[in-house]
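let me see the structure of the following:
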Amino acid sequence: MMMLRRSEERGHANHGWLDTFHTFSFADYHDPAEMGFGALRVINDDRVAPGTGFGTHGHRDMEIITYILDGALEHKDSMGNGSVIRPGDVQRMSAGRGVRHSEFNPSRGQGVRLLQIWIEPALKGIDPGYEQKHFPADERRGRLKLIASRDGRHNSVSIHQDALVYAGLLDGDDRVEHALAPGRRAYVHVARGSLEVNGVALEGGDGLKVFGESVLELARATNAEVLLFDLP
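Predicted coordinates for the structure are as follows:
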């Protein structure tokens, strides 16, 4: 079974400095039917204006993955980490028993667009942690590249949950398949472009919940950047 959620059905807020779309309930957007999908709790599609950002704030007991689509984002946290992340970079912050951080667009002229993803951890109260890795476009083009996993396999960032996160850049004749083990579910999020998943057409911002399917086929893509979540 597959359930399509169109881009325009997401929550939306424009704060001037931040234009954001919420796939699942977040902040002032609340939909009891969209509280997450398995361990996947948040996909926020954020556009941050030049010279602005999120002031220092705290998190607990969440695996937070930041995926940059355009521009750059400067990160600082209470663990002493400081970095600038750009397209192709994937940042993982395990909030654990508590962490504080800030995120800022350092550019004076270019906006930054990012996906911030929250995955509920299997264990609460762990030590906070941080990890950042770069996945070049060539590693994601025409395929699904593993970018996050519980055990850090294939050089992915490590998260404290039995979830697999893949990123792909698909276009034209590209066709990829992803097998789902029995009892697993999947969520497909199209960041931009378009493609079909098992014959279902998706556009930028659309999401697809998948239950009870053994194989997902991604094909007929046009400049698509896509994330696939393989979840318990």
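
quick check: which ranges of the protein have low pLDDT?
The chain contains no residues with pLDDT under 70.

residue ranges of the helices in it, please?
Secondary structure of the chain (DSSP state H): helices located at 137-140.

in space, what's closest to the residue located most distally from the centre of the chain - neighbours in sequence excluded?
No residue in the chain sits farther from the centre than Arg108, which is 25.5 Å out by Cα atoms, centre = their mean. Nearest residue to Arg108, sequence neighbours excluded (Cβ to Cβ, 6 or more residues apart in numbering): Pro50, at 5.5 Å. Heads up, the C-betas are built off the backbone N, CA and C, glycines and all.

do I have it right that the one you found meets Phe104?
No - using Cβ atoms under 8 Å as the test, Pro50 is too far from Phe104 to be in contact (10.4 Å).

so between these two, which is more surrounded?
Neighbour totals were compared for Pro50 and Phe104, and Phe104 leads with 18 against 15 (other Cβ atoms under 10 Å).

okay, and the beta partners of that one?
Beta-bridge pairing for Phe104 (DSSP bridges): Gly53, Glu74.

could you measure from it over to Leu18?
The gap separating Phe104 from Leu18 is 12 Å, by Cβ to Cβ, to the nearest Å.

list residues touching both of those two?
Thr52, Phe54 (Cβ atoms under 8 Å, 6 or more residues apart in numbering).

related to what we said a few turns ago, shouldn't the residue farthest from the centre of the chain be in contact with Ala49?
No - Arg108 lies out of contact with Ala49 (Cβ under 8 Å); the separation is 10.7 Å.

disregarding residues adjacent in the polypeptide, which is nearest to the residue nearest the centre of the chain?
Against the mean C-alpha coordinate of the chain, by Cα atoms, centre = their mean, the closest residue is Ile117 at 4.2 Å. Counting by Cβ to Cβ, 6+ apart, Ile117 lies nearest to Ile65, which is 4.2 Å off, once chain neighbours are set aside.

try Leu18
Val48 (5.7 Å).

that neighbour reaches Asn105, doesn't it?
Yes - counting by Cβ under 8 Å, Val48 does reach Asn105; the two are 4.6 Å apart.

spell out which residues are contacts of both of these two.
Common neighbours of Val48 and Asn105, counting by Cβ under 8 Å, 6+ apart, are Gly71, Leu73, Gly111, Val112.

ok, now which ones touch the residue nearest to Val112 when sequence neighbours are not counted?
Setting aside the residues directly before and after it, Val112 is nearest to Gly71 in space (Cβ to Cβ, 6+ apart), at 3.2 Å. Gly71 makes contacts with Val48, Arg86, Asn105, Ser107, Gln110, Gly111, Val112, Arg113, Leu114, as judged by Cβ under 8 Å, 6+ apart.

follow-up on the earlier one: let's have the shared contacts of Val48 and Asn105 in a markdown table, adding distance to Leu123.
Below are the shared contacts of Val48 and Asn105 laid out as a markdown table (distance: Cβ to Cβ, whole Å):
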| residue | distance to Leu123 |
| --- | --- |
| Gly71 | 34 |
| Leu73 | 28 |
| Gly111 | 36 |
| Val112 | 32 |
